[in-house]
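> Output the structure for:
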Amino acid sequence: MSVIPVTHRFVRALCIGLGLGAIVGIVVCLMLAAQPSILVRLLAAMAAILYAGIGLAAYGLWRGHRLGLHWTRLLLLVQVPVIQTPLLVYNLFAGAALNVYVGTTIGAYANVGASFNWFLGGAGRSGIGIGVNLVALAAFVMLGRVRLEPKRNRVFATPLEVLAAQD
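Predicted structure coming up:
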C-alpha cells in the first residue's frame, strides 16, 4: 500500500468531520448536564471529556503531530464496535457512522452527528446484535497509511536555515 501525506484531502476531511462531531457531542453533553440527576451529569461530563479528546486528537492530526495521529487512530478504534445485547449496549461515533450488524436481526443504518450509547444491566433491549462502524474502520485503516512530515529542529539549524526561516 502507498503512503499518503497528512495534508491529503481525505485526512483533512476526516479531521473536519471528527472535529464537527466532537463539537456536536459536547453540545449534547452540555444539554444533558442540565438534568437533575447527579449520575446523568457525571456520565454527561465523562462523555464530554471523551468528545473533547476526539476533537483535540483531530486537531493534533491536522497540525501533523505524531500524538494526534496515534490518538486519532486509538479513538477511531473505540468507535468501530457496535454491540447490543439485553445486558450491554455500546455504540459510539463522532462525525458519521455506517453501522452494519448481524444477530437476531440483520441490517445497516447510517447516522451523522455524534452518539454515545452505553447501557449496562437490564436496559430493556430485546435482541442480540454485533456489528462494526464501517466509517470508523475505513478511517482507521486509512490513517495507518499516513506519513507524517519530519519536524525541523530549529535548535541545531545552520545560519543559512535560520535566515531562510526569517523571510
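> tell me which helix or strand of the protein sits lowest on mean pLDDT?
Within the chain, no helix or strand scores below helix 159-166, which has a mean of 67 by mean pLDDT, DSSP states H and E.
> Which residue, other than its chain neighbours, is closest to R66?
L148 (5.9 Å; C-beta to C-beta, 6 or more residues apart in numbering). All C-beta atoms are positioned from the backbone trio N, CA, C, and that covers glycine.
> pretty sure the one you found is touching L67, no?
No: the pair L148 / L67 is not scored as a contact, 10.5 Å apart, by C-beta atoms under 8 Å.
> ok, these two, which is more surrounded?
L148 (14 against 11; other C-beta atoms under 10 Å).
> tell me the phi and psi of the more buried one?
With angles defined as degrees, to the nearest 10, L148 sits at phi -90, psi 140.
> same thing with G53?
Per degrees, to the nearest 10, the backbone of G53 is at phi -60, psi -40.
> ok, it - contacts?
Neighbouring residues of G53 by C-beta atoms under 8 Å, 6 or more residues apart in numbering: W71, L75.
> did I read that right, W118 in a strand?
Yes: assignment of W118 by DSSP: H, G, I helix; E, B strand; the rest coil places it within a strand.
> my read: it touches Q84, true?
No: between W118 and Q84 there is no contact under C-beta under 8 Å: 11.2 Å.
> Give me the common contacts of the two.
Joint contacts of W118 and Q84 (C-beta under 8 Å, 6+ apart) are Y90, N91.
> ok, those two, which is more surrounded?
Per other C-beta under 10 Å, whichever of W118 and Q84 has more neighbours is Q84, with 22 against 14.
> surely that one meets I128?
Yes: counting by C-beta under 8 Å, Q84 does reach I128; the two are 6.7 Å apart.
> Next, show the common contact partners of the two.
Common neighbours of Q84 and I128 (C-beta under 8 Å, 6+ apart) are G103.
> And the contacts of stretch 27-34?
Stretch 27-34 is contacted from outside by V40, R41, L43, A44, A45, A47, A48, Y51, A114, using C-beta under 8 Å, 6+ apart.
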